[in-house]
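S.K.: structure for the following, please:
(one chain, ligands or ions: 2)
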Amino acid sequence: MGSFSKPDLIQIPIIDFSKEPKALVRGTEGWHLLSQRVREACETYGCFEVVYAKISAHQRAEMFSAIESLFDLPLETKRKTFSTNPYVGYAIDVPHIPLYESFGIEDASSVDSIKHFTDLMWPTGNDHFSQSISSMVGGLEELDYIIRRMILDSYSLLAEDIIPCKYLVRGTKYKAPSMGDYSMGLYAHTDKYLLTILAEEQVRGLEVLSKDGQWIPLSPSPNSFVVLVGDLFMAWSNGRLRSAKHRAMIQGFKDRFSFVSFAVPTEGTVIQAPQKLVDQQYPRAFKDFDSMNFIRFSYSEEARGLDSDKQVYAYAGI
Ligand SMILES: O=C(O)CCC(=O)C(=O)O
Ligand SMILES: [Fe+2]
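M.R.: Ligands and ions are numbered 1, 2, ... in the order given. Model (predicted):
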């Protein structure tokens, strides 16, 4: 008798940073094991789900309530955040993705930068907004540093190889599709910076492309974040880490909110793979390049005509 078995659903790795608190101390056996798992996940999938209870459910709920209040502002107020800096400011009416609306806030780990943004949106002040965003960004900055330090350790690199970063954050609202049908919220792309850490509120929607071309729908648990390798990190690693292509697909009758932090190398950072990451199996794959110039390129007409994951190869590939 034949039997039918369901094809295995591929899942991205889930790495628990909260089970063993000592494992987040560098030099311990636990740290070493987590570092290997993080590296393997980033090389194979370009992403993983991290369980990280140090950012509390309360912090997360406060941040999402702040983000929702931002989208509730009148359109003319939201439009005041227009910026010519790539990926900064308010975006709506983006071609082909009518459900999408987002805010990019630059230098978000600076209290002054968040205050400036808050004052622009709420001239009479909104401490709840600035405090909940700053608190969340503080937590994400710590998490980003731990992950990037683990990756360095897993390649036996030194602390000085870590790239100093600022943080760009993006809050996104996806309007529920009018008939609730499975619809494109954000088209497939790779992120441009070093590392992305993403939180979503209740409604699922993020999908990641596997190496063999299957879209994997993610359903992170309420105290998890999704971590994604971006183009700059992939290039810095000489192509060892995978820059994961992902998209947002929206279904059902509830609006979806997500909050993302991007680790942005400070102005003037040159992306150059450390010598240890270059060998016969991985000959040098990219010319040295200025990270910000690549970001500007990725925002240009020329780059928009390319597939997102090809942009960094077009810009700096050897
Ligand atoms: O909202 C999401 O789940 C994805 C957002 C995203 O990929 C981005 O902002 O780059
Ligand atoms: Fe993304």
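S.K.: angles on the backbone of S83, please.
M.R.: phi -140, psi 150 (degrees, to the nearest 10).
S.K.: show me the contacts for the closest residue to it other than its chain neighbours.
M.R.: Among residues not flanking S83 along the chain, G89 sits closest, at 3.7 Å (CB to CB, 6 or more residues apart in numbering). For every residue, glycine as well, the C-beta is placed using N, CA and C. Contacts for G89 (CB atoms under 8 Å, 6 or more residues apart in numbering) come out as 81-83, 103-104.
S.K.: which stretch of helix or strand covers M234?
M.R.: Using DSSP states H and E, M234 falls within helix 231-236.
S.K.: who touches that helix?
M.R.: 46, 163, 190-195, 241-243, 265, 271-274, 285-286, 289, 291, 294, 298, 309, 311-312, 316.
S.K.: find me the pLDDT at L143, would you?
M.R.: As predicted, L143 sits at a pLDDT of 98.
S.K.: which element is it on?
M.R.: With DSSP H and E as the criterion, L143 is inside helix 127-154.
S.K.: next: Y187.
M.R.: Assigning secondary structure by DSSP H and E places Y187 in strand 183-189.
S.K.: average pLDDT for the following helix or strand past that strand?
M.R.: Next along the chain after strand 183-189, taking DSSP H and E as the criterion, comes strand 195-201. The pLDDT scores in strand 195-201 average 97.
S.K.: kindly export the helix or strand following strand 195-201 (C-alpha atoms) in CSV.
M.R.: Remark: after strand 195-201, the chain's next helix or strand is strand 206-209, criterion DSSP H and E. Extracted in CSV, the C-alpha atoms of strand 206-209 (Å, rounded to 0.1, in the frame of the first residue of the first chain):
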residue,chain,number,x,y,z
LEU,A,206,7.5,37.6,6.2
GLU,A,207,8.8,35.0,3.7
VAL,A,208,12.4,34.0,3.0
LEU,A,209,13.8,32.4,-0.2
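S.K.: partner strands of strand 206-209, with direction?
M.R.: strand 215-217 (antiparallel), strand 246-250 (antiparallel) (DSSP bridges).
S.K.: tell me the most buried of those strands?
M.R.: The highest mean neighbour count among these, using mean count of other CB atoms under 10 Å, belongs to strand 246-250: a mean of 21.
S.K.: quick check: angle from that one to strand 183-189?
M.R.: Strand 246-250 runs at 180 degrees relative to strand 183-189, counting by axes from the mean of the first three to the mean of the last three CA atoms, to 10 degrees.
S.K.: I'd like the C-alpha coordinates of whichever helix or strand comes after strand 246-250 written as CSV, please.
M.R.: Beyond strand 246-250 on the C-terminal side, the first helix or strand identified by DSSP H and E is strand 256-265. What follows is strand 256-265, C-alpha atoms only, in CSV (Å, rounded to 0.1, in the frame of the first residue of the first chain):
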residue,chain,number,x,y,z
ARG,A,256,0.2,44.2,9.7
PHE,A,257,2.9,46.1,11.4
SER,A,258,6.6,45.4,11.5
PHE,A,259,9.6,47.1,12.9
VAL,A,260,13.1,46.6,11.6
SER,A,261,16.6,47.8,12.6
PHE,A,262,19.4,47.9,10.1
ALA,A,263,23.0,48.1,11.2
VAL,A,264,24.5,50.9,9.0
PRO,A,265,28.3,51.2,8.9
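S.K.: strand 256-265 pairs with which strands, parallel or anti?
M.R.: strand 165-174 (antiparallel), strand 195-201 (antiparallel).
S.K.: lovely, talk soon.
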